[in-house]
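K.L.:
Okay, sequence plus prediction incoming.
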Amino acid sequence: ANTAGENFIIEENTTLYAIWKKPVKLWFNTNCTDVTVKNMPNSEYDKFVGDRITLADYQKPERDGHVFVGWNKTQTAKTAGSDFTIEDNTTLYAIWKKPVTLTFDENCTDGTVKNMPNPKVVEGIFSGDYIRFSDYSTPTREGYKFVGWKTPKTTTKTGFYIEEITTVYAVWTPYVARYD
């Protein structure tokens, strides 16, 4: 069988069949209202139903204060999507993460706190990440019991979803001597 665009010589009566492919469009969306996005790929109007779309083939846009995660067909996705076979007009959305820092504050000035999380300022985390306190050391303080960490919104013992640069403060309860 011959394929579309292939040249051949007709030597006898031959029936030719048209090969039809439905054209589709592939659009790229910055997925933000920020005008500082640079290096966006151009939309493509030369795709056909059944074409394989390899996401890594498309350039990575840049946005001030954010890290490009990848492309996804779902606008609210948090992770990059997978390669796919295009079936219809498709929009790919840029997925972004915003780097943030977490600072642990001992919430005490008497110098008695030991075993503070190290480092005190944690980098390499992103808005939307879950901070699990069990991943960090538990501080101790002479004469006090460590209760948990206080975020700007709540006191928690287990963790929280970080959304912005955040400082958490150690919460202490004094040990009470009881005499019977």
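P.N.:
Perfect, thanks for sending it. Numbering: from 1, shown residues only.

K.L.:
any idea how far the helix or strand that contains residue 92 is from the chain center?
P.N.:
Using DSSP states H and E, residue 92 falls within strand 90-97. The gap between where strand 90-97 is centred and where its chain is centred comes out at 11 Å by Cα atoms, centre = their mean, to the nearest Å.

K.L.:
didn't residue 69 look like it was pressed against residue 97?
P.N.:
Yes: under the criterion of Cβ atoms under 8 Å, residue 69 makes contact with residue 97 at 5.5 Å. For glycine as for every other residue, the C-beta is placed from the backbone atoms N, C-alpha and C.

K.L.:
Quick one: mean pLDDT over stretch 123-137.
P.N.:
Average pLDDT, stretch 123-137: 93.

K.L.:
List the buried residues for that stretch?
P.N.:
By 16 or more other Cβ atoms under 10 Å, the buried positions in stretch 123-137 come out as 125, 126, 127, 129, 131, 133, 136.

K.L.:
Same list, these, but as CSV with secondary structure please.
P.N.:
Listed next are the buried residues of stretch 123-137 as CSV, based on DSSP: H, G, I helix; E, B strand; the rest coil:
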residue, secondary structure
125, strand
126, strand
127, coil
129, coil
131, strand
133, helix
136, coil
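
K.L.:
and of the residues you listed, the nearest to residue 47?
P.N.:
residue 126 (31.8 Å; Cβ to Cβ).

K.L.:
Spell out which residues sit in contact with the residue lying closest to that closest one once chain neighbours are set aside, please.
P.N.:
Once flanking residues are discounted, residue 126 sits nearest to residue 97: 3.9 Å by Cβ to Cβ, 6 or more residues apart in numbering. Going by Cβ atoms under 8 Å, 6 or more residues apart in numbering, residue 97 touches 66, 67, 69, 126, 127, 128.

K.L.:
out of those residues, who's nearest residue 152?
P.N.:
Of all these, residue 152 sits closest to residue 127, with 14.4 Å by Cβ to Cβ.

K.L.:
count of neighbours near the closest residue to that closest one other than its chain neighbours?
P.N.:
Nearest non-adjacent residue to residue 127, counting by Cβ to Cβ, 6+ apart: residue 98, 4.2 Å away. The tally of other residues near residue 98 (other Cβ atoms under 10 Å) stands at 14.

K.L.:
Does residue 98 touch residue 65 like I think?
P.N.:
Yes: the pair residue 98 and residue 65 qualifies as a contact (Cβ under 8 Å) at a distance of 6.4 Å.

K.L.:
Okay, buried residues for stretch 44-57 please.
P.N.:
So for stretch 44-57, counting by 16+ other Cβ under 10 Å, buried means 44, 47, 53.
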